[in-house]
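**Student:** dropping the sequence and predicted coords here.
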Amino acid sequence: MEYWDLLDDDRRLTGETLLRGEAMPEGRFHTIIGVWTIHTKLHRILLTKRHPDKLICPNQWENTGGSLVSGEESRSGAAREVREETGMNCHADDLHYIKTIRIPSAFVDCYIYYTDIPADSSVAVVNQIAAYYKEQGCDSILAVGGGSAIDCAKAIAFGVPYEGDVWDFFSKKATIAECLPIACVLTIPAAGSEGSSSCVISNDELGLKRGTNSNLFRPKAAFLDPELTFTLPPYQTAAGVTDMIAHVCERYFSGTGSSSLTDNIATGIIRSLIDEAPVALAEPENYEARANIMWAGTLAHNDIAGCGLSATPTSRAGGWESHALEHELSAFDASITHGAGLAVVMPAWMRFVWRENPARFLKFALQVFDIEPIDETDEAIEDAVTAAIDELQAFFVDLGMPHTLGEFGIAPKMWTNCCRRSRPTRAKCSVALRNLRWKTRRRFIFRHSRG
């Protein structure tokens, strides 16, 4: 049970308490706190959505807040609310008092909490938490959240037994040999990290975003409850679906031939996402749509969609050029959601490389969109492939995704600066794109993504 201290008209303690839920006596007040959490780098305010079963303002977006419990000081109670509602490690001294507002039956103390917790997994955070876990003797990790939270947990898991900087694994200076067991509760279907052998981490100091792979950190258990995704914002849902489709396409266009069964699995995942995503956006609490999207995200990245398509048995299928390019994009501007970046990059990449393997793209066009060339001429083949890519990009746009780099506020000159620092990715991309010049590829993304 929760009790409140009652105050008089001058905000003095009366010595009385009130059980939460009971009617407020005439002439009495209690204290409410409100906290606005502001990301100092992205200049964004954190809002949370109220549970649909709340009696007051159900399903409404709000800042962090609540009532002080009996005996609690205002600033300490505000920090407690932040910790309980967001999971952030907020302390009373971290809060900046703004003002107090008097409303009927309550005094509202308002605070600002400034934080620079990254949206993506950051190696600085990983190193800090890994050191703490090592000190505490932790023997397993439970991640609750989306891909960034799970990837962060993975990096911590193989960082705990390692004596150096976790970034060594992402810069290829070290090989993962030990790892704590990981379990996860998925709340944002997108990255597929709950079933994958991949882990992506950002290095804010270097302005880089890199990945590493190992079956050692594939989660031992993953809990997927579609109801946890009912309150996801439409943009997050759309970006997640885009990322899932990109995971499948990276494997489908691996350049190592075809496997009929795997191809049907892969294109079936894409078709399901095309069917279910509009339903989930129109009906956020549609259980079947949310369940199918959540399951598709796992299947898209647990390697089943690439079985038989890898050039070497021990490596993941595909060259992952679109992901590599987008990682440079979101490392350059942390406000760019990974899936949104892929919505721009992947169709442009497809338009550029399809002539390397027209038959593969024609199969994709047929299996996903039921598009075939009217004859076997080069013109008809190009029309069919282009139509399929157009359909894919139109689907992304219909979901609310961008289709140009300009929509992110990025001009060609800015992208040039990003490219200059991405030599490892540039080398990786050049293998799959037959050593084509980076300058040509960069200009292509702008040329074919301008609306």
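**Tutor:** The structure has been received and is ready for your questions. Numbering: from 1, shown residues only.
**Student:** what residue lies at the spatial centre of this structure?
**Tutor:** For the chain, Gly147 is the residue whose C-alpha lies nearest the centre (CA atoms, centre = their mean; 5.3 Å).
**Student:** for the helix or strand where Ala331 lies, packing partners?
**Tutor:** Assigning secondary structure by DSSP states H and E places Ala331 in helix 321-332. Packing partners of helix 321-332 (3 or more CB pairs under 8 Å, 6 or more residues apart in numbering; DSSP states H and E): strand 208-213, helix 234-252, helix 338-353, helix 412-420, helix 423-432. Any C-beta I mention is one placed from the backbone N, CA and C, and that applies to glycine too.
**Student:** nearest to Gly164, out of these?
**Tutor:** Across these, Gly164 has its closest neighbour in strand 208-213 (14.2 Å, CB to CB).
**Student:** give me the next element, helix or strand, following the closest one.
**Tutor:** By DSSP H and E, the next helix or strand past strand 208-213 is strand 221-224.
**Student:** not counting the helix or strand containing Val108 itself, show me its contacts.
**Tutor:** Element membership of Val108 [criterion: DSSP H and E] is strand 106-115. Strand 106-115 has contacts (CB atoms under 8 Å, 6 or more residues apart in numbering) with 7, 11, 29-40, 64, 67, 74-75, 78, 82, 88, 90, 94-102.
**Student:** so which of the residues you listed belong to strands?
**Tutor:** Counting by DSSP state E, the contacts of strand 106-115 place 7, 30-39, 64, 67, 95-102 in strands.
**Student:** filter the residues you listed down to just the buried residues.
**Tutor:** 7, 30-39, 64, 67, 95 (16 or more other CB atoms under 10 Å).
**Student:** so which pair among the residues you listed is furthest apart in space?
**Tutor:** Leu7 and His39 (33.6 Å).
**Student:** assign the nearest residue to the residue nearest to the centre of the chain once chain neighbours are set aside to helix, strand or coil.
**Tutor:** Excluding its sequence neighbours, the residue lying closest to Gly147 (CB to CB, 6 or more residues apart in numbering) is Ala191, at 2.4 Å. The three-state label given to Ala191 by DSSP: H, G, I helix; E, B strand; the rest coil is coil.
**Student:** so Ala191 sits against Ala149, correct?
**Tutor:** No - with contact defined as CB atoms under 8 Å, Ala191 does not reach Ala149; the gap is 9.7 Å.
**Student:** looking only at neighbour counts, state which of those two leads.
**Tutor:** Ala191 (26 against 20; other CB atoms under 10 Å).
**Student:** would you quantify the distance from that one to Asn292?
**Tutor:** Using CB to CB, to the nearest Å, Ala191 is found at 17 Å from Asn292.
**Student:** ok, Gln367 - contacts?
**Tutor:** Contacts of Gln367 by CB under 8 Å, 6+ apart are Asp263, Asn264, Thr267.
**Student:** what separation do you get for Asp225 and Thr237?
**Tutor:** For Asp225, the distance to Thr237 - CB to CB - is 16 Å.
**Student:** neighbour count for the two, which is higher?
**Tutor:** Neighbour tally, Asp225 and Thr237, criterion other CB under 10 Å: the higher count belongs to Thr237, 24 against 13.
**Student:** in contact with that one, which residues?
**Tutor:** Thr229, Ala277, Ala280, Leu281, Pro284, Ile293, Leu399.
**Student:** after the helix or strand hosting the second one comes which helix or strand?
**Tutor:** Here Ala277 is covered by helix 260-282, with elements defined by DSSP H and E. On the C-terminal side of helix 260-282, the nearest following helix or strand under DSSP H and E is helix 287-301.
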